[in-house]
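1. Build me a structure from this.
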Amino acid sequence: MRSPFQSESETLRFLLRLILALIPIVLAAVLGPTWLAVVVAAIVVCALAARVVQLRIRRLRNPDLLVKMAPPHLGGAAERRVLVVANDTLSERSLLGEMQRLASGPNTHVLLLVPALLSPAERLTGAVEDALGQARVRLSGAVSRVGTHGDVKGEVSAADPLVAVQDTFATFVPDEVIVSTRWERAEGGLDPRLAGLVRERFAVPVRHLVFEEPGSAAQEPDHEAEARYQREFGDAAAWRLGLKALAGAGILAALVLSVVALVKVAERNQATVASQRAASKSVATPAAALGPAAKVIDLSVIPEGKRGPEGEMHDEFTVSEFHVTAGRPVTLRIDNTDDQPHSITSTGAKVYIIAEPGTHTYTLFVDKPGRFEWHCAFLCDPWAMAHIGYMRGYITATPS
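-> I've put the predicted structure just below:
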């Protein structure tokens, strides 16, 4: 995966696409509810990701190759230049022995190219130092073992392996290329298709040394095996990318659904708070008309203030049983020690008291006799909200 900031033109195209992608998201955020903006953003991201995956699969199955090039011979007629491309197989004795044999030949120059084994994420973010360091260590070890046998030089590249080979052709101009890879299912190594791609790109002899397992002898696949490499590895890589894309789409869908649910809950809580505040204002009038409250009840709201039967601490109202006379107001002086509001909400008693953080006074007024259950309508401690004596209790109103 290429970084979108490798050139000014690519950066400009990336910024234009980003702006075009942000337009529908901004419009949804301005014209619709918050959850709609989340959904539109997810759709835009999925569309962009699908396009990237489509292009990537197309390149995996049919790599973009330039017109086949026949580089000119560099140096005298007897001079020979050999490019060896390897990384994860540099410890193989067969490969080192072949390099020694080539380097000991008269007028033969050997260049060992070690492309760093970078993941798509490392290429995109530019975090390549670890992979480059590992490649340098392997290069140094290989050159030190064969360098005394002739003219052997080494080079490390952070570019894509095929691009690195193309760049080397511009400077070293080899007469022959040797590509060394592991067997078909090797992970974290050079792609076995690389030899075939180099052969299609350059009109020079290309040898492919394949090692089935560490310490095994080198094998050279025939034309039919190379064709199978191109077909199977391209399809397998495309299939793996498709599975990753599907998994990513599933994760994104789950995240979007979670965010939409949270946004809707937050909006519903805000609407509940607004309605409860309006209701509390509406019920304050009859209580005020009856004159000042004759009774004051002091209580507190304490997060994790009371131990439950299972041994864990839970949120609590220090007073959960209220005894009042129907038609007569009672003053509640509530010290809410939490940093969020809580409530005493009873639909049957028409009580909607919102206890804001800090110490404030509220009027508890019930207009009819009865025993009414109340609860905290704000999401806090789910266990305490469901149990009497914590964030739930009773209001008992006796006849006057």
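
2. What pairs with the helix or strand encompassing I353, parallel or antiparallel?
-> When secondary structure is defined using DSSP states H and E, the element that contains I353 is strand 351-355. According to DSSP bridges, the neighbouring strands of strand 351-355, each with its direction, are strand 342-346 (antiparallel).

3. list the buried ones in the following helix or strand past the strand holding I353?
-> Toward the C-terminal end, the helix or strand that comes next after strand 351-355 (DSSP H and E) is strand 358-364. Neighbour-count burial for strand 358-364, with 16 or more other C-beta atoms under 10 Å as criterion, is recorded at 362-364. Glycine gets a C-beta too; all of them are placed from N, C-alpha and C.

4. what angle do the next helix or strand after strand 358-364 and strand 342-346 make?
-> Tracing the chain past strand 358-364, the next element assigned as helix or strand by DSSP H and E is strand 370-375. Angular relation of strand 370-375 and strand 342-346 on a 0 to 180 degree scale: 150 degrees, by axes from the mean of the first three to the mean of the last three C-alpha atoms, to 10 degrees.

5. Give me the distance between strand 370-375 and the centre of its chain.
-> Strand 370-375 sits 48 Å away from the centroid of its parent chain (C-alpha atoms, centre = their mean, to the nearest Å).

6. and the angle for that strand with strand 358-364?
-> For strand 370-375 against strand 358-364, the angle between stretch directions is 150 degrees (the same axes, to 10 degrees).

7. thought P369 was touching G348?
-> No - proximity of P369 to G348 does not meet the contact threshold set by C-beta atoms under 8 Å, at 11.7 Å.

8. still on that earlier bit, got JSON lines for the buried residues of strand 358-364, with distance to K153 and pLDDT too?
-> Listed next are the buried residues of strand 358-364 as JSON lines, based on distance: C-beta to C-beta, whole Å; pLDDT from 0 to 100:
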{"residue": "Y362", "distance to K153": "85", "pLDDT": "95"}
{"residue": "T363", "distance to K153": "90", "pLDDT": "94"}
{"residue": "L364", "distance to K153": "89", "pLDDT": "94"}
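
9. Could you check how far A50 is from I43?
-> Remark: distance between A50 and I43 (C-beta to C-beta, to the nearest Å) = 10 Å.

10. go on, E129?
-> Using C-beta to C-beta, E129 is found at 37 Å from I43.

11. These two: which is more packed in?
-> Legend: neighbour count by other C-beta atoms under 10 Å for E129 and I43, higher for I43 (14 against 11).

12. Confirm that the more buried one sits in a helix.
-> Yes - under DSSP: H, G, I helix; E, B strand; the rest coil, I43 falls within a helix.

13. Now do the contacts for it.
-> The neighbours of I43, taking C-beta atoms under 8 Å, 6 or more residues apart in numbering as the test, come to nothing; the list is empty.

14. For V260, report the pLDDT, please.
-> In this model, V260 is scored at 66, pLDDT.

15. again with Q340
-> Residue-level confidence at Q340 comes out at 93, pLDDT.

16. Confirm it sits in a helix?
-> No - Q340 sits outside any helix when classified using three-state DSSP, being coil.

17. Surely it touches C380?
-> Yes - between Q340 and C380 there is a contact under C-beta under 8 Å: 7.4 Å.

18. Which one's more surrounded, those two?
-> Under the neighbour definition other C-beta under 10 Å, Q340 and C380 were set side by side, and C380 has more, 20 against 12.

19. so that one makes contact with Y390?
-> No - counting by C-beta under 8 Å, no contact exists between C380 and Y390, whose distance comes to 9.9 Å.

20. Overlap of the contact sets of those two?
-> If you check C380 and Y390 against C-beta under 8 Å, 6+ apart, the residues they both contact are D315.

21. Going along the chain, name the strands of the stretch 1-150 of the chain.
-> Secondary structure of the stretch 1-150 of the chain (DSSP state E, counting those that start in this stretch): strands located at 80-85, 108-115.

22. will you turn the ones you listed into TSV that also has mean pLDDT and mean neighbour count?
-> Formatted as TSV, those follow (pLDDT from 0 to 100; neighbours: other C-beta atoms under 10 Å):
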stretch	mean pLDDT	mean neighbour count
strand 80-85	94	23
strand 108-115	93	24
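
23. So which of the ones you listed is nearest L31?
-> Nearest to L31 among the strands of the stretch 1-150 of the chain is strand 108-115 (49.8 Å), distances taken as C-beta to C-beta.

24. what about stretch 301-314, distance to the chain center?
-> On C-alpha atoms, centre = their mean, the centre of stretch 301-314 falls 37 Å from the chain's centre.
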